[in-house]
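Asker: this one's sequence-less:
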């Protein structure tokens, strides 16, 4: 059943480029200065479509549907795009990267939802600017609490709650 579903889901793609692709790149500032830090990630699935364009697929599970705006704003795809462009997976540094989020909804009858989005060179530059801003904050010991589903496993949960 799973094989049939996956065959149907990926039939429009000409090639599976890689699965669980470990990838890293030097982090540069938005103006191109090297920070001496590496961005490291693992891309769930990298496909090639019928136009020979790469498509980054990220697999998620969720109780609620995603909004297209949340998918379009997701920095994880910007990071993947940054990594792919830095490692010359794209035709040039300005080429857009197609991205897709496959979400299995945790319902009585599980449901698959697919969201498509694109990341451009401007998105990669914005990602670098955000990443460097966060690094600067860390360097200056700036802490801003951010409640999320990760809090239950965080070693700083008590300190954060009392902040």
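Answerer: Yes, it's here. Everything numeric here is computed off the predicted structure, so don't read it as measured data. Numbering: from 1, shown residues only.

Asker: only C-alpha atoms for contact and neighbour calcs from this point on.
Answerer: Fine.

Asker: quick one, longest helix in the chain?
Answerer: The single longest helix within the chain, with elements called by DSSP state H, is helix 121-139.

Asker: which helices and strands does that helix pack with?
Answerer: In terms of contacts (3 or more Cα pairs under 8 Å, 6 or more residues apart in numbering; DSSP states H and E), helix 121-139 is packed against helix 75-86.

Asker: State the next helix or strand along the chain beyond the helix it packs on.
Answerer: Next in sequence after helix 75-86, counting helices and strands by DSSP states H and E, comes strand 97-105.

Asker: quick one: average pLDDT of that next one?
Answerer: Strand 97-105 shows an average pLDDT of 93 in the prediction.

Asker: just use 368 as the starting number from now, easier for me
Answerer: In the new count, where the first residue is 368, that last one comes out as strand 464-472.

Asker: now what about it, what contacts it?
Answerer: With Cα atoms under 8 Å, 6 or more residues apart in numbering as the test, strand 464-472 has contacts from 420-432, 438, 444, 448, 457, 477-487.

Asker: in the longest helix of the chain, what counts as buried?
Answerer: Neighbour-count burial for helix 488-506 flags 488, 490-496, 498-499 (criterion: 16 or more other Cα atoms under 10 Å).

Asker: what helix or strand is the closest residue to residue 493 other than its chain neighbours on?
Answerer: Leaving aside its sequence neighbours, residue 493 sits nearest to residue 397 (Cα to Cα, 6 or more residues apart in numbering; 7.2 Å). Per DSSP H and E, residue 397 falls between elements, in no helix or strand.

Asker: Give me the pLDDT for residue 397.
Answerer: 73.

Asker: Can you list phi and psi of it for me?
Answerer: Residue 397 adopts backbone torsions of phi -60, psi -20, taken as degrees, to the nearest 10.

Asker: Touching, it and residue 495? I think so.
Answerer: Yes: the pair residue 397 / residue 495 is scored as a contact, 5.5 Å apart, by Cα atoms under 8 Å.

Asker: Do me a favour and get the end-to-end distance for stretch 516-530?
Answerer: This stretch, stretch 516-530, spans 18 Å end to end (Cα to Cα, to the nearest Å).

Asker: for it, which positions count as buried?
Answerer: Buried residues in stretch 516-530, counting neighbours by 16+ other Cα under 10 Å, are absent.
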